[in-house]
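In: I need the structure of the sequence given here:
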Amino acid sequence: MENIFNIFIKSIFIENMIFAYFLGMCSYLAVSKTLKTSVGLGVAVIFVMVVTVPVDYLIHNYLLREGALSWLGDSFANVDLSFLSFIMFIAVIASIVQLVEMIVEKFSPALYNSLGIFLPLIAVNCAILGGSLFMQERDYGSIAEATAFGFGSGIGWFLAIVAIAAIREKIRYSNIPKPLRGLGIAFIVTGLMAIAFMSFMGIKL
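Out: Sure, this is the predicted structure:
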């Protein structure tokens, strides 16, 4: 249980998808102009991460990795389908994103319209695929650990986009030099926030 908590906290603050790896920057910068749309997209990313990382964990451990098919019989013990990881992970992500898109369109048409093309583009958000690939690389020992990592990574991405959206709404009325307005100041603030998040590396887990 302690290890699961450590993975969860580490994925939020120390190994944040935005501030540690700069994954998912396109959606992060494009949608963070308003707080409302940022919250909506952030919640959608959390949901997708929580579902896709455990599902990809099961696919990796019981279908793709070497020896994963041994439960079918001894003749399958040496089968290695790990070369299919990318296409299988992307297929799972695309399916879950399609489900999220349908739910948002059904229950919140205003949010669906404000997110625009960036809602279906969650399917190609490198933070989502990165979560599954990090899970595969780190070889977590249980589905609970993989779920904790996916949930923490989603919350970390949510915190990042909500924080930058709040700051961008505030500095909209500040006296910023013209060359830095828009994406320029957003990149600078993101860099400063990344440096601030580096302070969490001192947490002993």
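In: quick one: buried residues of the longest helix along the chain?
Out: Counting residues, the longest helix found in the chain (DSSP state H) is helix 143-171. For helix 143-171, the neighbour count (16 or more other CB atoms under 10 Å) marks 145-165, 167-168 as buried. (Each C-beta comes from the backbone N, C-alpha and C, glycine too.)
In: Heading C-terminal from the worst-scoring helix or strand of the chain on mean pLDDT, find the next helix or strand.
Out: When each helix and strand of the chain is scored by mean pLDDT, DSSP states H and E, helix 109-115 comes last, with a mean of 81. Downstream of helix 109-115, the next assigned helix or strand under DSSP states H and E is helix 126-138.
In: Name the residues of that following helix that come out as buried.
Out: Going by 16+ other CB under 10 Å, helix 126-138 has these buried residues: 126, 127, 128, 129, 130, 131, 132, 133, 134, 135, 136.
In: Among these, which one lies nearest to residue 83?
Out: residue 136 (12.5 Å; CB to CB).
In: The closest one - nearest residue in space that isn't next to it in sequence?
Out: Excluding the flanking residues, the one nearest residue 136 by CB to CB, 6 or more residues apart in numbering is residue 60, at 5.4 Å.
In: OK, contacts around the one you found?
Out: 68, 82, 85, 135, 136 (CB atoms under 8 Å, 6 or more residues apart in numbering).
In: so which two of these are the farthest from each other?
Out: Longest span within those, CB to CB: 68 and 135, 14.8 Å.
In: Could you list the low-pLDDT ranges of this structure?
Out: Within the chain, the stretches with pLDDT under 70 are 205.
In: try it again with 80
Out: 1-2, 71, 75, 111, 114-119, 121, 123-124, 202-205 (pLDDT under 80).
In: As TSV, the contacts of residue 60 with distance to residue 95 would be great.
Out: TSV is the format used below for the contacts of residue 60 (distance: CB to CB, whole Å):
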residue	distance to residue 95
68	21
82	21
85	16
135	17
136	18
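In: Which of those residues sits closest to residue 42?
Out: Ranked by distance to residue 42 (CB to CB), the contacts of residue 60 are led by residue 135 at 20.2 Å.
In: The closest one reaches residue 150, doesn't it?
Out: Yes - Residue 135 lies in contact with residue 150 (CB atoms under 8 Å); the separation is 7.3 Å.
In: which residues are in contact with both of those two?
Out: Jointly contacting residue 135 and residue 150 under the rule CB under 8 Å, 6+ apart are residue 53.
In: How many residues are close by residue 109?
Out: Other residues lying near residue 109 total 10 when counted by other CB atoms under 10 Å.
In: Give me the distance between it and residue 40.
Out: Distance of residue 109 to residue 40, computed by CB to CB, to the nearest Å: 12 Å.
In: go on, residue 28?
Out: Distance from residue 28 to residue 40, by CB to CB: 14 Å.
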